[in-house]
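Chemist: Next come a sequence and a model predicted from it.
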Amino acid sequence: MLAVMTAAILGVGGLYGVVMPLKRASVDVRERLQDAREQSAALKLASMDGAPAKADARPVAAIVETSAAGLGMPIARKRQESDGAFTIWINAVDARALLPWTALLEREAGLGVAGFTTSRLDNGLVEAEVTFARAAR
């Protein structure tokens, strides 16, 4: 009889001490996932609103070099590719400046990033090789 009561107490304790908290956590995670999906969909919709930016008619090299000079982006080396793409090498730049700059060129100049390679340097900066090309529209 004592064994049956102990088993019943352990069963109830296990149910309310383990199973129910896990079930509540599962429901909370599902709700957060649904909220994240809704937010993602709203952000995607908001990013498509408005007229798309008109692509810059200048050569890719001119667009990239002008933009880099305007923002003080230090281009160490550059190469014009045969397909019209333009590759640049930057020796030391803060990633918090590099990534928004590439996004700006994609958004406002109609360029696409065809290749992007970075390496972290000891001083917290990155060196990068970025290839820009006309974005397919």
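Modeler: In hand now; what should we look at? Numbers count the residues shown, from 1 in each chain.

Chemist: Report the central residue of the chain.
Modeler: Centroid-nearest residue in the chain, with CA atoms, centre = their mean: Leu99, separated by 9.2 Å.

Chemist: Buried residues, stretch 114-125. List them.
Modeler: For stretch 114-125, the buried set under the neighbour-count rule, 16 or more other CB atoms under 10 Å, comprises Ala114, Thr118, Leu125. (Glycine included, C-beta is placed from N, CA and C.)

Chemist: Could you do stretch 30-43 as well?
Modeler: Buried, per 16+ other CB under 10 Å, within stretch 30-43: nothing.

Chemist: just for this structure, where's the confidence low?
Modeler: The model of the chain has pLDDT under 70 over residues 42-43, 45-55, 136-137.

Chemist: which residues in the chain form helices?
Modeler: 2-14, 20-48, 60-71, 95-109 (DSSP state H).

Chemist: domains in the protein, as residue ranges please.
Modeler: As given by the TED database, the domain ranges for the chain are 1-49, 60-134.

Chemist: Which ones among the buried residues of stretch 114-125 lie within strands?
Modeler: Those of the buried residues of stretch 114-125 mapping onto strands are Ala114, Thr118, per DSSP state E.

Chemist: Including distance to Val60, could the buried residues of stretch 114-125 go into JSON lines?
Modeler: Converted to JSON lines, these look like this (distance: CB to CB, whole Å):
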{"residue": "Ala114", "distance to Val60": "10"}
{"residue": "Thr118", "distance to Val60": "20"}
{"residue": "Leu125", "distance to Val60": "25"}
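
Chemist: Show me which of the buried residues of stretch 114-125 is closest to Ala41.
Modeler: Nearest to Ala41, judged by CB to CB, of the buried residues of stretch 114-125 is Ala114 at 28.2 Å.
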